[in-house]
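**Q** Sequence and predicted model, in that order:
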Amino acid sequence: MPNNVRARQAVPTSVPAELSAHPERWRMLPVILIAIFMGLFDFSAVNIAAPPLQHELHTTESALELIVAGYAFTYASGMVTGGRLGDLFGYRRLFLVGMVAFTIASLLCGVAQSPMQLVGARLLQGATAAIMVPQVLALITAAFPPAERTRALGWFGMTMGIGSVAGQVLGGVLINANLFGWGWRNIFLVNVPVGLLALTFALRTLPRTPLAARRLDPVGALGIPVGLALLLVPLVLGRTQGWPTWTWISMAASVPTLTAVIAWERKLGDRGEEPVLDVTLFRTRPFVIGLLTNVAFLGFWGSYFFVLTLVVQSGLGLTALAAGMAFMPMGVVFGVTSILARPLVARYGARMITLGAAISALALLATIVVVRVEGNTIGIWALIPEMVMLGLGTGLAFPALVGSVLAEVPRRAAGAAAGSLSTAQQFASAAGVAVIGSVFFATFGSHQGHPEISNALTTVTVIHLVLMLVVTGLSILLVRRPNKRMLAPNP
């Protein structure tokens, strides 16, 4: 298989050569899917844990945003590199190293005694997830013959959906149970026995894969996350520190840094080498429009759960368990709709994004109306119908989002396109939490029963509505393109 066909990919960064069917493949599958579940669970569960850990650790608003967004940032920035390291040193070895490191990082999160300790542990946790998670699809591709691969990937998609919902719901259950008096720490410490169990079975079931004879692009692997960090960190910390000079210098420095990295990546591509970022993809109009659609959607998605969790706990006074249960109707509707929408996406393509985004925009508009009518006396039952409607809309749109980017990408560039998409999605989610979270804290504060709950929720929901209208508009541009090749990804 030529090197340019074995293209870069975030999860994985390159398509591994097929092995003969691994005899332990079906025993291996649930073991490696634990990694997907753990990664998604810890991303969403921390939203439920935000108010109690803020109270116990006396966490500042900027530190709280870093605890949430920092995980997504290091996770996203390391995915491409993590996948490439799997090519170089073997998927089995990198999965085992990543699982050990993720388990240790989870333990550090659980025993953190200060906000900065928890921020550092979360950054480490995201980085270790970026080592572990990219190996999952690589191992599935390597271990399963084509006839069984679709079924295995179906389990992969289902695990993604369960992990996202479980983080909101089970996170509340674990915090409320207060096992051993550990409270919010349980959402991190639960990873320790789970990780050790997964590691034990992984040693027995994971196959050894051949190594790829290629080099890691250090400039792209380090330069891209550094450039984005120069932009993201000031956005998180700037407001609470009064926008000091360093924040503006950092944001300004991100422009030449990213420009230089992109120029280097283009140079590598022109020489026939394999850069981390395939710049030629951005010459394809459908790819760019689809990528922007995903960025707008994920910017909304990541910040929505972060803000709403703070509203229902710090503003409405719900316990962590009640907050988790409040998300259950939306999660169920989203999950069922995503499954039912898959055949519709195959038939109607990007039109499903337009329909889903329009329904979501109506749900957000209804939320604004309800909040303005109810004012600061609003209760959770007034918000649940709009949340369910939003679950319906996003459930229709979400399955078509990946296809909107990859539909017209040449087969040889599919891996690089997937890598760019995955990284953009995670960074959009992190930036959404940082920017929209800053707006929320500026109008709401962090005290239970704060009198500005109505204004804060209205302001943030207006921003979410604008983002969803952007998604709707961009998806209309996609509808005008042929969509026969658009496939519905696993939810």
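**A** Great, that's in hand.
**Q** Show the contacting residues for F300.
**A** G432, H464, L467, M468, V471 (Cβ atoms under 8 Å, 6 or more residues apart in numbering). Glycine gets a C-beta too; all of them are placed from N, C-alpha and C.
**Q** what's the closest of those to L392?
**A** M468 (13.3 Å; Cβ to Cβ).
**Q** Which secondary structure element is home to the residue nearest in space to the middle of the chain?
**A** Residue closest to the average C-alpha location in the chain (Cα atoms, centre = their mean): Q426, at 4.5 Å. Secondary-structure element containing Q426, defined by DSSP states H and E: helix 414-444.
**Q** Now do the same contact list for the residue nearest to the centre of the chain.
**A** So Q426 contacts A72, F73, Y75, A76, M79, L298 (Cβ under 8 Å, 6+ apart).
**Q** these two touch, right, V479 and L355?
**A** No: V479 is beyond contact range of L355, at 10.2 Å (criterion: Cβ atoms under 8 Å).
**Q** neighbour count winner among those two?
**A** L355 (19 against 16; other Cβ atoms under 10 Å).
**Q** The more buried one sits in which helix or strand?
**A** Going by DSSP H and E, L355 is in helix 351-374.
**Q** one step back: among the contacts of Q426, which two are most distant?
**A** M79 and L298 (14.1 Å).
**Q** Tell me which of those two has more neighbours.
**A** In this view M79 and L298 are compared by other Cβ under 10 Å, and M79 has more residues nearby, 26 against 23.
**Q** Who are the packing partners of the host helix or strand of the more buried one?
**A** Using DSSP H and E, M79 sits in helix 61-89. When contacts are defined as 3 or more Cβ pairs under 8 Å, 6 or more residues apart in numbering; DSSP states H and E, helix 61-89 packs onto helix 25-57, helix 91-110, helix 115-132, helix 134-143, helix 218-237, helix 285-310, helix 414-444.
**Q** If you compare the directions of the shortest one and helix 61-89, what angle comes out?
**A** Think helix 134-143. Helix 134-143 runs at 30 degrees relative to helix 61-89, counting by axes from the mean of the first three to the mean of the last three Cα atoms, to 10 degrees.
**Q** what do you get for the first one?
**A** Going by the same axes, to 10 degrees, helix 25-57 is angled at 160 degrees with respect to helix 61-89.
**Q** and if you look at the third one?
**A** With the same axes, to 10 degrees defining the directions, helix 115-132 sits at 30 degrees from helix 61-89.
**Q** Show the contacting residues for N455.
**A** With Cβ under 8 Å, 6+ apart, N455 has these contacts: T443, F444.
**Q** ah, wrong one, I meant V388
**A** P329, M330, V333.
**Q** Mind checking which of those are buried?
**A** M330, V333 (16 or more other Cβ atoms under 10 Å).
**Q** Just put the contacts of V388 in CSV and tack on secondary structure and distance to L277.
**A** Formatted as CSV, these follow (DSSP: H, G, I helix; E, B strand; the rest coil; distance: Cβ to Cβ, whole Å):
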residue, secondary structure, distance to L277
P329, helix, 40
M330, helix, 35
V333, helix, 37
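**Q** now, which of the contacts of V388 sits nearest L203?
**A** Distance to L203, by Cβ to Cβ, is smallest for M330 among the contacts of V388, at 38.8 Å.
**Q** Could you check the angle the helix holding L355 makes with helix 285-310?
**A** 30 degrees.
**Q** And helix 351-374, what's buried?
**A** Within helix 351-374, judged by 16+ other Cβ under 10 Å, the buried ones are 351-368, 370-371.
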